[in-house]
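With the sequence up front, the predicted model follows.
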Amino acid sequence: METLSVFWNLVPITLLQGVIYGFVALGIMVPFRMLSFPDLTAEGSFPLGGAVAAAAIAGGLDPIPATALAVSAGMLAGSTTALIHLTLKLNTLLCGIIVLTMLFSINIRVMGTPNTPLFAYDNMFHVLLGGAARVLEAQIALVAGLVLATAGLLFAYLKTEAGLALRAVGANQMMARAQGISIWRQTVWGIALAGGLCALGGAIVAQNQSFADVNMGFGVLLNGLAAVIVGETLVGRATILRQVLAPVVGAVVYYQAISFALALGLAPSDLKLLTGLFVLLMLAVPSIRGRRETLRIRE
Amino acid sequence: MLAVEGLRKTFNAGTPNARVALDGVSLTLEEGDFAVVIGGNGAGKSTFLNAIAGEVGVDAGSIRIDGADVTRLPTHRRAGAIARVFQDPLAGTAGAMTIEENLALALRRGSRARLAFALGEQRRERFRVALAGFGLGLEGRLGQKVELLSGGQRQSLALAMAILVAPRILLLDEHTAALDPKTAAAVMAATVNAVDSARLTTLMVTHNMQHAIDYGNRLLMMADGRIIFEARGAEKRRLTVEALVARFHLTDDKMLLA
């Protein structure tokens, strides 16, 4: 019973964490599912978002423009990964590793130090919630609204002609070219979009916890991937609506599951092993059943 | 219309594996020409089509469409003028997308994709009409994913996409070769119907000698990267499979499977 009460007490704070990481899960879904471009940049663009937002806020910029700046930085990071892949024809995973490693140095340059405290400054929650800035429920409602609005916009975009062009590149490049779609343009834009979403997640986390740390991205990719997989198991991915809702639902459920594991008494440091094993298991199930690959890899 | 001048292409140039795929190919297609290309394996037929489409860059020569030089343009920037159906039914369609989404992409082939919803009732009606002619019932399955279709259905969809908006040039790359005979005949009939009714300028590669005899107003034979024989009009109509085979000592098994 104690486990349950510990878990129950953690539900609200975990819910906030879940909806915030919904942005990251969306940013991971887009390359993996829409572009068939397995991308690791999230591991670097997430702390980049936190670092840029923190440095900008500490430098006197208002929280909202600071957050927008963080998103732009994330888009730039994503574009870099995409351009390296397109120009040098390197494996997308390697491109991501190169960029996320370089971002570690850049993130420290951006902040000037490995971490930046923001306790002394107003953040986006103060701006958007005013007096309710420190009310957990208000924070949850705000971020949940933002992440659902983002998912809604993404869903609508993927149904436009431009969105169809993006998806065609992930589905069949030969066909996409034959229909007049530029592989370069769509890949750079799609991976940039993903980088922007991950950076937005990082910027919100930094403002919510009132500090940014260069190590805040460690393991975020695998968490996000796990969230996407959980979401797809629960919501499915047969339609675009489901494919876009899955990461958000998955992030919320995944972080509750993590919280439950903590309540059971697991050491936080064991969670990465657990998450890794979970992702491995989920990826193994289809291949054991002889179904097609869960993750398509680009040549 | 289409003017190809002295195309040359060597794969792996400067290595022991160098292979001359195009050795000075020139061809002019007039508006409404339906040219059928035959030739053995390695004759350069596919490279020729790939060069016109932009998938293969050429070493020398020029490709003009309606007078505009497209030789150095990538595939996607030629797509406004060129539609293509591949041999592999999987190649011309996006399996992870629905039938109507594939058609919506084809409807905007070569135009800048807009930030407007890709599908509306008006477009769906147009797609139903375009698909109904194939008699496969695809018009009632617009919202289904293409990966659920059979090879023949997928190839029919690829053809429907290619002709949805009349292209300046239609490239058919052995597009019935991977289908069973009955389906191949149906897709071929639909192709000829579309080409005739819209008077599409068409370049079709085939291994099927009977198709080469039966269809088109021009016949081109390729060997070793060159066009070695051409027949058109009345001369083409007099050709028989036996005559072609005898005359050119075609030994390729596939070419005898007419």
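In hand now; what should we look at?

Any figure for the gap between A:N9 and A:S259?
Counting by C-beta to C-beta, to the nearest Å, the separation of A:N9 from A:S259 is 10 Å. C-beta: built from backbone N, CA, C; applies to glycine.

With A:A53 instead?
Counting by C-beta to C-beta, the gap from A:A53 to A:S259 is 25 Å.

So for these two, which sits in the more crowded spot?
Per other C-beta atoms under 10 Å in any protein chain shown, whichever of A:A53 and A:S259 has more neighbours is A:A53, with 34 against 21.

Could you tell me which residues of chain B lie near chain A?
Within chain B, the positions adjacent to chain A are B:53-55, B:74-77, B:79-80, B:83-84, B:86, B:90-97, B:101, B:104-106, B:108-111, B:113-119, B:161 by C-beta under 8 Å from any C-beta of the partner chain.

Next, count neighbours for A:Q186.
25.

Let me know the helix or strand that it is in.
Using DSSP states H and E, A:Q186 maps to helix A:183-209.

is that helix up against chain B anywhere?
Yes - Helix A:183-209 is in contact with chain B by C-beta under 8 Å from any C-beta, via A:I183.

Packing partners of that helix?
In this structure, helix A:183-209 makes packing contacts with helix A:2-29, helix A:42-58, helix A:63-88, helix A:124-129, helix A:136-158, helix A:161-171, helix A:173-178, helix A:220-235, judged by 3 or more C-beta pairs under 8 Å, 6 or more residues apart in numbering or on different chains; DSSP states H and E.

how about whichever residue of the stretch 151-258 of chain B sits closest to chain A, what does it touch?
Among the residues of the stretch 151-258 of chain B, B:M161 lies closest to chain A, at 8.0 Å counting by C-beta to the nearest C-beta. B:M161 makes contacts with A:179, B:83, B:92-93, B:102-103, B:105-106, B:109, as judged by C-beta atoms under 8 Å, 6 or more residues apart in numbering or on different chains.

name the element it belongs to?
Going by DSSP H and E, B:M161 is part of helix B:151-164.

tell me which residues in that helix are buried?
Of the residues in helix B:151-164, B:152-164 count as buried by neighbour count, 16 or more other C-beta atoms under 10 Å in any protein chain shown.

following it, which helix or strand comes up?
That would be, after helix B:151-164 and using DSSP H and E, strand B:169-173.

Can you name the residues of the stretch 51-200 of chain A that neighbour chain B?
A:156-157, A:159-165, A:167-168, A:170-172, A:174-183.

So how do I select the buried members of the residues of chain B next to chain A in PyMOL?
Applying 16+ other C-beta under 10 Å to the residues of chain B next to chain A, the buried members can be selected in PyMOL as follows:
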select buried, chain B and resi 53+54+55+75+76+79+80+83+84+86+90+91+92+93+94+95+96+97+101+104+105+106+108+109+110+113+118+119+161
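
could you pull out the strands for chain B?
Using DSSP state E, the strands found in chain B span residues B:2-11, B:19-29, B:34-39, B:60-65, B:68-69, B:82-85, B:169-173, B:201-205, B:218-223, B:226-232.

What is the third one packed up against?
Packed against strand B:34-39 by the contact rule (3+ C-beta pairs under 8 Å, 6+ apart) you find helix B:45-53, strand B:201-205, helix B:209-214, strand B:218-223.

quick one: average pLDDT of stretch B:4-12?
Averaged across stretch B:4-12, the pLDDT comes to 95.

Which residues outside that stretch are in contact with it?
Under C-beta under 8 Å, 6+ apart, the answer for stretch B:4-12 is B:17-28, B:47-48, B:51-52, B:56-64, B:225.

would you put the C-alpha positions of it in PDB?
What follows is stretch B:4-12, C-alpha atoms only, in PDB (Å, rounded to 0.1, in the frame of the first residue of the first chain):
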ATOM      1  CA  VAL B   4      17.800  13.700 -77.000                       C
ATOM      2  CA  GLU B   5      21.300  14.400 -78.500                       C
ATOM      3  CA  GLY B   6      24.300  12.200 -78.300                       C
ATOM      4  CA  LEU B   7      23.800  10.800 -74.800                       C
ATOM      5  CA  ARG B   8      26.800   9.100 -73.300                       C
ATOM      6  CA  LYS B   9      27.100   7.400 -69.900                       C
ATOM      7  CA  THR B  10      29.800   5.100 -68.600                       C
ATOM      8  CA  PHE B  11      29.300   3.500 -65.200                       C
ATOM      9  CA  ASN B  12      32.400   3.100 -63.000                       C
END
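
buried ones in that stretch?
So for stretch B:4-12, counting by 16+ other C-beta under 10 Å, buried means B:4, B:7-10.

Over to stretch B:21-37?
For stretch B:21-37, by 16+ other C-beta under 10 Å, it's B:21-23, B:25, B:27, B:29, B:33-37.

quick check, nearest of the residues you listed to B:D196?
Comparing the buried residues of stretch B:21-37 against B:D196 with C-beta to C-beta places B:F34 closest, at 8.3 Å.

For the closest one, list each beta-bridge partner.
Beta-bridge partners recorded for B:F34 (DSSP bridges): B:T202.

who's in contact with it?
B:195, B:200-202, B:204, B:215-218.

In the stretch 1-150 of chain A, where is pLDDT below threshold?
In the predicted model, the stretch 1-150 of chain A carries pLDDT under 70 at residues A:1.

Now distance to A:A66 too, for the strands of chain B, in JSON lines please.
Putting those into JSON lines (distance: least, C-beta to C-beta, whole Å) gives the following:
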{"stretch": "strand B:2-11", "distance to A:A66": "53"}
{"stretch": "strand B:19-29", "distance to A:A66": "56"}
{"stretch": "strand B:34-39", "distance to A:A66": "61"}
{"stretch": "strand B:60-65", "distance to A:A66": "51"}
{"stretch": "strand B:68-69", "distance to A:A66": "49"}
{"stretch": "strand B:82-85", "distance to A:A66": "48"}
{"stretch": "strand B:169-173", "distance to A:A66": "52"}
{"stretch": "strand B:201-205", "distance to A:A66": "57"}
{"stretch": "strand B:218-223", "distance to A:A66": "63"}
{"stretch": "strand B:226-232", "distance to A:A66": "65"}
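
Out of the ones you listed, flag the one nearest A:A151.
Per C-beta to C-beta, nearest to A:A151 of the strands of chain B: strand B:82-85, 35.4 Å.

Within its sheet, name the partner strands of the closest one and how each one runs.
Strand B:82-85 pairs in its sheet with strand B:169-173 (parallel), by DSSP bridges.

quick check: angle from the strand it pairs with to strand B:34-39?
With axes from the mean of the first three to the mean of the last three C-alpha atoms, to 10 degrees applied, the angle from strand B:169-173 to strand B:34-39 works out at 30 degrees.

Give me whichever of the helices and strands packed on helix A:183-209 is most buried.
Most buried of the helices and strands packed on helix A:183-209 by mean neighbour count (mean count of other C-beta atoms under 10 Å in any protein chain shown) is helix A:42-58; its value is a mean of 30.

same for it, what does it pack against?
Packed next to helix A:42-58, using 3+ C-beta pairs under 8 Å, 6+ apart, are helix A:2-29, helix A:63-88, helix A:92-111, strand A:115-117, helix A:183-209, strand A:211-213, helix A:220-235.

one more time with 6 Å
Judged by 3 or more C-beta pairs under 6 Å, 6 or more residues apart in numbering or on different chains; DSSP states H and E, the packing partners of helix A:42-58 are helix A:63-88, helix A:92-111, helix A:183-209, strand A:211-213, helix A:220-235.
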